[in-house]
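In: Let's see this in three dimensions:
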Amino acid sequence: MLFSHSLTDIGRKRALNEDNLFAEDGLYLVCDGMGGHKAGEVASQTAVETIVRFIQRSDQDPELTWPYGYNPQLSFNANRLRTGVKLANRTVYRKANSSEEYTGMGTTVAVALFSKTKTVMSYANVGDSRIYLIRSGVIMQLTRDDSLANVVWPEESWDAPPAAGSPGVKHVLTKALGAREDVEFKVVDQSIAPGDLVLLCSDGLTNMIPDARICEIVSAFATDVAAACDELVSEANNQGGRDNISVILVRHSG
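Out: Next up, the predicted model:
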């Protein structure tokens, strides 16, 4: 059984919340929009709506057309996520090119889909919104940020702080939904055990609070996901709240 809670907050510096969330029926989504004149909000909302629509339709309609094909090396749910995210990218890209008002808009995405029959979660991300697994008091970042920092510091060097000597490098995205007509990303299946906690969040959280502190807070409220979300957002705001803050916490009770 899954217990979840979602929370988004404008933070202390921004005039508009450009994050959008979805948390229902085993599907969890965080999108952090970017672009002026409310375009970021439009991009993130468009992405959420597109992904949710495809996931729901693919669960109900066995005759549904798969516009990006079906990869037999991936699970059914992983294929659903792959197609949903690609459709979202195409939809945001086309809308961004349809009007001067939306030119240059885009959004990150972090998405997790839990199987209804197996203890498995499929997940994917584009941009720097993240997914963490907290298991037995240990936090693991499952996703990899699509940022310039991870080009300068490759995956093998993650232990080195990306921002060292290069302020701002980690905030420069190399991928976002809507930036190009197509986007490539990984979709991964992750086994889930009783007591596991899965955290999806925008960078408004992770730029304010280090992973170790996130783990402390989540572990302290492990059985109360709503209280944990409240505390995470409160802590991020107490540390400056420089951006919109969005969190979804999912607890697998077995």
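
In: For the rest of this, base every contact and every neighbour count on C-alpha atoms.
Out: OK.

In: per-residue confidence at residue 143?
Out: Looking at residue 143, its pLDDT reads 97.

In: Ok, residue 147 next?
Out: Residue 147 carries a pLDDT value of 86.

In: That one: what's its closest spatial neighbour, skipping adjacent residues?
Out: residue 173 (4.2 Å; CA to CA, 6 or more residues apart in numbering).

In: At which residues are the helices of the stretch 101-250 of the chain located?
Out: Taking DSSP state H, counting those that start in this stretch as the criterion, the stretch 101-250 of the chain carries its helices at 149-152, 203-206, 211-220, 225-238.

In: List just the one of those that sits closest to residue 71.
Out: helix 149-152 (27.0 Å; CA to CA).

In: Enumerate the strands of this structure by residue range, in sequence order.
Out: Remark: strands of the chain, listed N- to C-terminal, are 2-9, 19-24, 27-34, 106-107, 109-114, 120-126, 130-135, 138-141, 187-191, 197-201, 245-252; assignment by DSSP state E.

In: can you redo these as a markdown table with mean neighbour count?
Out: Putting those into a markdown table (neighbours: other CA atoms under 10 Å) gives the following:
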| stretch | mean neighbour count |
| --- | --- |
| strand 2-9 | 19 |
| strand 19-24 | 22 |
| strand 27-34 | 27 |
| strand 106-107 | 33 |
| strand 109-114 | 25 |
| strand 120-126 | 24 |
| strand 130-135 | 22 |
| strand 138-141 | 15 |
| strand 187-191 | 17 |
| strand 197-201 | 27 |
| strand 245-252 | 25 |
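
In: wait, which of these is closest to residue 91?
Out: With CA to CA, the closest approach to residue 91 among the strands of the chain belongs to strand 106-107: 10.5 Å.

In: Mind telling me which residue is nearest the centre of the protein?
Out: The centroid of the chain falls nearest to residue 110 when counting by CA atoms, centre = their mean (1.8 Å).

In: Enumerate every residue touching it.
Out: Contacts here follow CA atoms under 8 Å, 6 or more residues apart in numbering; on that basis residue 110 touches 29, 30, 31, 123, 124, 125, 126, 129, 130, 131, 200, 201.

In: So the fourth one sits against residue 187, correct?
Out: Yes - contact criterion CA atoms under 8 Å: residue 123 and residue 187 qualify, at 5.7 Å.

In: Are there residues contacting both of these two? Which ones?
Out: Contact with both residue 123 and residue 187 is made by residues 78, 81, according to CA under 8 Å, 6+ apart.

In: I'd like to know the beta-bridge partner residues of residue 27.
Out: Here residue 27 sits in beta bridges with residue 24, residue 113, going by DSSP bridges.

In: Check the gap between it and residue 94 for me.
Out: To residue 94, residue 27 is 25 Å away according to CA to CA, to the nearest Å.

In: swap in residue 68?
Out: Counting by CA to CA, the gap from residue 68 to residue 94 is 17 Å.

In: Have a look at those two and say which one is more surrounded.
Out: residue 94 (17 against 12; other CA atoms under 10 Å).

In: contacting residues for that one?
Out: Contacts for residue 94 were tallied using CA under 8 Å, 6+ apart; they are 178, 181.

In: what do you get for the one 3 residues further on?
Out: Each residue near residue 97 by CA under 8 Å, 6+ apart is listed here: residue 103.

In: Start the count at 9 instead of 1 going forward.
Out: Done: numbering now begins at 9, and the last item shifts to residue 105.

In: Model confidence at it, what's the number?
Out: Turning to residue 105, the model gives it a pLDDT of 93.

In: and if you look at the one 10 residues further on?
Out: Predicted confidence (pLDDT) at residue 115: the value is 97.
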